[in-house]
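1. Got a predicted structure here, sequence first:
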Amino acid sequence: MGGVAARYPDHVMTEPPASDHRSDFVRELLTADGASGRFGGRVQTRFPPEPNGYLHIGHAKAICLDFDLADEFGGVCNLRFDDTNPVTEDESYVEGIIEDLQWLGYQPGEVLYASDYFGQLYDWAELLVERGLAYVDDQDAATISEQRGGFGKPGVESPHRGRSPEQNLTLLRAMRDGSFDEGERVLRARIDMQHENMQLRDPVMYRILRTPHHRTGDQWVIYPTYDWAHGQGDAIEGVTHSLCTLEFSDHRALYEWFLEQLPLQGAAPYQTEFARLELTHTITSKRRLRELIDRGVVDGWDDPRLPTLRALRRRGYPAEAIREFCRFIGVARTNSRHAIELLESFVRTHHNAHAPRRMAVLHPVKLVITNWPTDDEGNPVVVYREAVNNPENPDDGTRQVPFSGTLFIEADDVRADPPPKFFRLSPGREVRLRAGWFVTCDEVLTDDDGAVTEVRCTYDPATEGGNAPDGRKVKATIHWVSADHAADATVALYDRLFTAEAPGEATGDPFDDLAESSRELLSNCKVEPALADAQPGEVVQFERLGYFAADPTEPMLFHRTVGLRDEWANIQKRQG
RNA sequence: UCGGGGAUCGUUCAAUCGGCAGGACAUCGGGUUUUGGUCCCGACAAUGGAGGUUCGAGUCCUCCUCCCCGAACCA
């Protein structure tokens, strides 16, 4: 787990800053419970992921809520794995989730597992059986489903519903002891097959699964369902407030029903639901995420186009920005989809304050300064320009950047035939080279297709440092790298993975909204020499282009975290 | 069809007991600027509909409309 910090030195784990929350309906509840003494003034929450995939941005919202709440109310929050289904779960996800949680800035403390309660859960199940509140059903899943009825249609009671506690106990023990195959028996709560809430129509508590569990091995062949494990786990741990997302609202009655049947000491925990986080242009369904990977649309769980925490981390999203975003959007019961742009604005705000500035040319075009001096042997003079590392933070100091008569500049910064409001280089136009001199464009060479191949300029020696003694101004400052000193780099640019704001909304299948191309790999980039020293995972600003994260493993590969706000792009858009 | 939840600027989150509907993002305009970045100033812009109660309604009541979730031996 220390490995995260080692691999992402820029992302040293930090304590979440003290929250300055507006109140919300959850905090009001906790405040009210504190005032009434419902839990003796105690607050305990939990973050309960199933280890069947990696954490994503939606989990981040729940994590921030659960952990911040405990922090604000002087309580505790535990990480608990809801590992009740061995067929989908794996130890690797347990490790990954702990790693991601810590990266986000939270400490799980003692890591808890629902599987640690299998014994207690089983004992309680026998208790319910003895009291006639649960029974073994021999029917298959399809039959049980059919008998459950439908919305507005009452269910049908199972023919085995009337078995005696003694029969049920014998059968349950036989289930536990492995006398039946998968699907042959289930244990069901005996509640009400006519109940208007489908969750209370004799829900399944145990099913037979002959898959070894990643923690309990082959000790068990019966596994509790979510409903028969979750509230019980909460109660065992002393949770007071069990927060979950809206789709579990209908389960609340069942959560409460189970707890009412058990001999618990003290006030039982209770469930409260809030709206899950959805973002535009992406998906958070674990099943769909896995599908993207399996189909090869993306490279893996940490592909920078994914909304998983490991992907965002690799892409250069700071944990702090994610936390602040989650706090800012707050918690409510309204289904909504936040604009990804809002998250990006938090990312920019963070990096603007912290990211060192560097110069990098993504689409290089050669710029030759025809009047640049040569030394005694006829070679162009090389000088070093002092460049500010971060104008937002003078303490970050400066660095020396080599400069000579042949540079690479951005193709976008040159136009042989400039459109309206284009401030950059074009024949006759003078611009400033960042931290250098003014240069005037004398000639733009193009190939047969009209693409710029080379720009020929003259520089004004009097403008050293970037200001003209005669006070004349330029409308643009452009970045550059010295052709003889530049390092080669590969840069990955990312676009939305899905073109639609709500992928799948129109057709039901998010894959219908997949972007044709969401990644552009530029392998011919020229960057200033200092970038060769970029630390794995470090995020820098390529001036005028955006924030870029050095890949954690591959040297000289940079992922664009997010672009800078781009007024020129907006102007061009308006110009059509 | 039944049950549960929801509806406020383009988006999203607020609005104390019923008392001037506020912020952020986005957009647009202006200023500063050696990043068309940052920063600063300004503008635009909303209570789903119909009734009712009230001096006064986003808030309370009635009806309507629309949206989301729920019929796994998933979580």
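-> Received it, and whenever you're ready, just let me know what you need.

2. Spatially nearest residue to whichever residue of the stretch 451-576 of chain A sits closest to RNA strand B (excluding sequence neighbours)?
-> Nearest residue of the stretch 451-576 of chain A to RNA strand B (CB to the nearest atom of the strand) works out as A:Gly466 at 1.9 Å. From N, CA and C alone the C-beta is placed, and that goes for glycine too. Distances taken as CB to CB, 6 or more residues apart in numbering put A:Arg432 closest to A:Gly466, at 5.3 Å, once the chain neighbours are dropped.

3. Please, which helix or strand holds that neighbour?
-> strand A:430-433 (DSSP states H and E).

4. and if you look at A:Thr349?
-> Using DSSP H and E, A:Thr349 maps to helix A:340-354.

5. Only the buried residues of that helix, if you could.
-> The neighbour-count check on helix A:340-354 (16 or more other CB atoms under 10 Å) flags A:340, A:343-348, A:350-351, A:354 as buried.

6. could you pull out the strands for the stretch 151-300 of chain A?
-> Counting by DSSP state E, counting those that start in this stretch, the stretch 151-300 of chain A has strands at residues A:186-189, A:204-208, A:222-224, A:241-245, A:270-274, A:278-279.

7. Dump the ones you listed to JSON lines, plus distance to A:Gly150.
-> Formatted as JSON lines, the strands of the stretch 151-300 of chain A follow (distance: least, CB to CB, whole Å):
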{"stretch": "strand A:186-189", "distance to A:Gly150": "18"}
{"stretch": "strand A:204-208", "distance to A:Gly150": "18"}
{"stretch": "strand A:222-224", "distance to A:Gly150": "26"}
{"stretch": "strand A:241-245", "distance to A:Gly150": "24"}
{"stretch": "strand A:270-274", "distance to A:Gly150": "24"}
{"stretch": "strand A:278-279", "distance to A:Gly150": "28"}
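
8. Out of those, which gets nearest to RNA strand B?
-> Smallest distance to RNA strand B across the strands of the stretch 151-300 of chain A (CB to the nearest atom of the strand): 3.4 Å, for strand A:204-208.

9. And A:Glu110, its phi and psi?
-> Backbone torsions of A:Glu110, given as degrees, to the nearest 10, read phi -70, psi 130.

10. just to revisit the earlier point, the residue of the stretch 451-576 of chain A closest to RNA strand B looks like it's in a strand, true?
-> No: secondary structure of A:Gly466 (DSSP: H, G, I helix; E, B strand; the rest coil): coil, not part of a strand.

11. hang on, isn't it packed against A:Gly436?
-> Yes: between A:Gly466 and A:Gly436 there is a contact at 6.7 Å, judged by CB atoms under 8 Å.

12. Give me the more crowded residue out of these two.
-> The neighbour count for A:Gly466 versus A:Gly436, taken as other CB atoms under 10 Å, is higher for A:Gly436 (23 against 15).

13. Please report the distance of that one from RNA strand B.
-> 7 Å (CB to the nearest atom of the strand, to the nearest Å).

14. Same question for A:Trp257.
-> 14 Å.

15. Quick check: that residue touching A:Ile191?
-> Yes: contact criterion CB under 8 Å: A:Trp257 and A:Ile191 qualify, at 6.6 Å.

16. how about low-confidence regions in chain A?
-> A:1-22 (pLDDT under 70).

17. Mind doing that once more with 90?
-> Applying pLDDT under 90 to chain A picks out residues A:1-23, A:108-110, A:450, A:506-508, A:573-576.

18. OK, contacts around the residue of the stretch 451-576 of chain A closest to RNA strand B?
-> Applying CB atoms under 8 Å, 6 or more residues apart in numbering to A:Gly466 gives the contacts A:432-438, A:477.

19. Pick the one among the residues you listed closest to RNA strand B.
-> Nearest to RNA strand B out of the contacts of A:Gly466 is A:Thr477 (CB to the nearest atom of the strand; 3.8 Å).

20. Any idea how many residues pack against the closest one?
-> 17.

21. so where do the helices sit in chain A?
-> Counting by DSSP state H, chain A has helices at residues A:2-7, A:25-36, A:57-72, A:91-104, A:118-130, A:141-147, A:165-176, A:226-237, A:252-261, A:286-294, A:309-315, A:319-329, A:340-354, A:567-575.
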